[in-house]
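Visitor: What follows is a protein structure lacking sequence information:
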């Protein structure tokens, strides 16, 4: 075993030392791809210190994150009784002493949905008229109506969905999987982030794809739609590839001499990072080039896919990353925070994401990738069945709601064409089959071949894991 593949090497990496040792501003560009080169030959990965705990059903994850908190009442969870009681007070038995975000001290009035629902697929899943493309793939996805989280405001709720804890500083799910499984592609990072809706909605902090106390080689690398796809990977002006290669060779030789003399693993990290950046100069521009995509691809994804930085373009790029076996692909789409004028806002965002999400799932399916790719579509929480601002069907809004919201999953060993969970007749609380965020994380890790209780990293004198001390496997979600 070489020093770069030993557990001690990974455990000794620190955020400060790594960033300090990464010249040219390269940052964390997926050292795990190099540390586990056996994966490129098709050898299954294993969590640190052992073998996979289960036979994995999935090799990779695409997480379509709807930032801001989408309204499940208007998309996946129809409530006729709520419509019947529109404008009337919510029953005190439901809402007394319950937490609300911005509705503190205000009348809690029932707010039905203005949108029609119909049942789709063999399971007869109710889906809103706002999502006609999603409705077409009802037999490919499982809708979870009984999601629950523990944070009621955006930043802690996004942090909780990504890390399993509302406080900043812990690794996100993509970092945990990079740490545990590495990458199947030595020329790309194990964890890639794409963002759409820039300049709208809630802020997206880079720590939402940070590695926390894990080595920074496991943090997400953001690919950008304009300029350099990855910051600082391109050669500086006036430097040819030949000159850059000569400089890297010289730096490598000096670093290798130092490594041989003192055995500092941080030096080995620096050597590997330079090499990863060099390979990405070729792999990333080729990945981002859509000129070779046939017309049939744009017929599937729609015209928006031709515009870099849109959700549709990012879904197409996610498929290409999946083809290249990137381990964790995170798409953030902003502007789902509809406290007022919800109809205008939700209709706009559904137009952006509905067809593209459908296209991604169908594209993966056509290429034989859906069976071993998990697709997760979710926000950080849902919206209240109570109105905010007014009860007009033209301009109503909804506050944050953590007690019950909806998500969907597809592929990678998840059940296809199903419905899990239920809420009460007004959509306020879960009535059956709760799916806590910790439970979803535990189930995703299971499908990746990992027992969530055994993927552990020791920091500051205690053991940590993605699910903390919680989380239950949910057999009802499995195929």
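Guide: Noted; the coordinates are in hand. Bear in mind that the values here come from a model prediction, so they are computed numbers and not experimental data.

Visitor: residue contacts, residue 339?
Guide: The contact partners of residue 339, taken as Cβ atoms under 8 Å, 6 or more residues apart in numbering, are 102, 388, 389, 397, 398, 399. For the C-beta atoms, the positions are set from N, CA and C on the backbone; glycine is no exception.

Visitor: Closest to residue 359 out of these?
Guide: Closest to residue 359 out of the contacts of residue 339 is residue 398 (28.1 Å), distances taken as Cβ to Cβ.

Visitor: which SSE is that closest one in?
Guide: Take DSSP states H and E as the rule and residue 398 turns out to sit in strand 397-401.

Visitor: got it, and residue 313?
Guide: helix 311-323.

Visitor: now stretch 90-107: mean pLDDT?
Guide: If you average the pLDDT over stretch 90-107, you get 93.

Visitor: Would you agree residue 258 is in contact with residue 271?
Guide: No. Using Cβ atoms under 8 Å, residue 258 makes no contact with residue 271, being 9.8 Å away.

Visitor: Those two: who's more crowded?
Guide: The residue with more neighbours, out of residue 258 and residue 271, is residue 271; 20 against 14, by other Cβ atoms under 10 Å.

Visitor: Over to the residue located most distally from the centre of the chain: give its phi and psi.
Guide: Among residues of the chain, the one most distant from the C-alpha centroid is residue 261; the distance is 41.8 Å, by Cα atoms, centre = their mean. With angles defined as degrees, to the nearest 10, residue 261 sits at phi -80, psi -40.

Visitor: and if you look at residue 388?
Guide: Here residue 388 shows phi and psi, under degrees, to the nearest 10, equal to phi -130, psi 140.

Visitor: Residue 134 now?
Guide: Dihedral angles for residue 134 - degrees, to the nearest 10 - are phi -60, psi -40.

Visitor: which residues sit in contact with it?
Guide: Applying Cβ under 8 Å, 6+ apart, the residues near residue 134 are 127, 141, 354, 357, 358, 408.

Visitor: Of those, which is the nearest to residue 234?
Guide: When the contacts of residue 134 are compared against residue 234 (criterion: Cβ to Cβ), the nearest one is residue 357, at 31.5 Å.

Visitor: And the closest one, how far from residue 442?
Guide: 24 Å (Cβ to Cβ, to the nearest Å).

Visitor: still on that earlier bit, return the subset of the contacts of residue 134 lying in strands.
Guide: 127, 141, 408 (DSSP state E).

Visitor: correct me, but the last one touches residue 141?
Guide: By that I understand residue 408. Yes. At 4.6 Å, residue 408 counts as touching residue 141 under the criterion of Cβ under 8 Å.

Visitor: Now do the shared contacts for these two.
Guide: Jointly contacting residue 408 and residue 141 under the rule Cβ under 8 Å, 6+ apart are 134, 377.

Visitor: and residue 374, that's in a strand?
Guide: Yes. Counting by DSSP: H, G, I helix; E, B strand; the rest coil, residue 374 falls inside a strand.

Visitor: bridging residues for it?
Guide: For residue 374, the beta-bridge partners under DSSP bridges are residue 61.

Visitor: Am I right that it is in contact with residue 59?
Guide: No. When contacts are counted by Cβ under 8 Å, residue 374 is not listed as touching residue 59 (9.1 Å).

Visitor: Now for those two: what residues contact both?
Guide: Common neighbours of residue 374 and residue 59 (Cβ under 8 Å, 6+ apart) are residue 448.

Visitor: Pick out the residue closest to the middle of the protein.
Guide: Nearest to the chain centroid, counting by Cα atoms, centre = their mean: residue 63, 3.3 Å.

Visitor: list the helices and strands the helix or strand hosting residue 194 packs on?
Guide: In this assignment (DSSP H and E), residue 194 forms part of strand 191-196. Under the contact definition 3 or more Cβ pairs under 8 Å, 6 or more residues apart in numbering; DSSP states H and E, strand 191-196 sits against helix 173-181, strand 221-222, helix 311-323, strand 328-333.

Visitor: Quick one: residues in contact with that strand.
Guide: Residues contacting strand 191-196 (Cβ under 8 Å, 6+ apart): 30, 174-175, 177-178, 204, 209, 218-223, 309-311, 313-314, 317-318, 321, 326-334, 352.

Visitor: that older thread, how far does the helix holding residue 313 sit from the chain's center?
Guide: Using Cα atoms, centre = their mean, to the nearest Å, the mean C-alpha position of helix 311-323 is found 13 Å from that of the whole chain.

Visitor: Go ahead and name everything in contact with that helix.
Guide: So helix 311-323 is contacted by 60, 62, 64, 188, 192, 194-197, 223, 225, 287-288, 290, 293, 297, 301-302, 304-307, 329, 331, 333, 352-353, 355-357, 359-360, 363-364, 367, 369, 373 (Cβ under 8 Å, 6+ apart).

Visitor: could you redo the last one with a cut-off of 6 Å?
Guide: 60, 62, 192, 194, 196, 287, 301-302, 304-305, 307, 329, 331, 333, 352-353, 356, 360, 363, 369, 373 (Cβ atoms under 6 Å, 6 or more residues apart in numbering).

Visitor: again with stretch 96-116
Guide: With Cβ under 6 Å, 6+ apart as the criterion, stretch 96-116 contacts 73-74, 82-83, 85-88, 90, 95, 128-130, 152, 386-387, 391, 393, 396, 399-400.

Visitor: can you list the weak-confidence ranges in this protein?
Guide: Within the chain, the ranges that satisfy pLDDT under 70 run 1-51, 226-227, 231-233, 235, 265-266, 268-270, 272-273, 275-278.

Visitor: show me where the stretch 51-200 of the chain has helices.
Guide: In the stretch 51-200 of the chain, the segments counted as helices under DSSP state H, counting those that start in this stretch are 80-84, 92-95, 132-136, 154-163, 173-181.

Visitor: Just send the ones you listed back as a markdown table, with distance to residue 117 too.
Guide: As requested, those are exported to a markdown table (distance: least, Cβ to Cβ, whole Å):
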| stretch | distance to residue 117 |
| --- | --- |
| helix 80-84 | 9 |
| helix 92-95 | 22 |
| helix 132-136 | 10 |
| helix 154-163 | 26 |
| helix 173-181 | 31 |
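
Visitor: So which of the helices and strands packed on strand 191-196 is the most surrounded?
Guide: helix 173-181 (a mean of 27; mean count of other Cβ atoms under 10 Å).

Visitor: Next, the angle from that helix to helix 154-163.
Guide: 20 degrees (axes from the mean of the first three to the mean of the last three Cα atoms, to 10 degrees).

Visitor: Centre of the chain to helix 173-181, how far?
Guide: With Cα atoms, centre = their mean, you get 12 Å for helix 173-181.

Visitor: cool, and stretch 100-118?
Guide: With Cα atoms, centre = their mean, you get 28 Å for stretch 100-118.

Visitor: cool, and stretch 179-191?
Guide: Centre to centre, stretch against its chain (Cα atoms, centre = their mean), the figure for stretch 179-191 is 16 Å.

Visitor: and what of stretch 450-465?
Guide: On Cα atoms, centre = their mean, the centre of stretch 450-465 falls 21 Å from the chain's centre.

Visitor: got the end-to-end distance for that stretch?
Guide: End-to-end span of stretch 450-465 (Cα to Cα, to the nearest Å): 12 Å.

Visitor: residues of that stretch that come out buried?
Guide: Within stretch 450-465, the residues scored as buried using 16 or more other Cβ atoms under 10 Å are 450, 451, 452, 455, 457, 464, 465.
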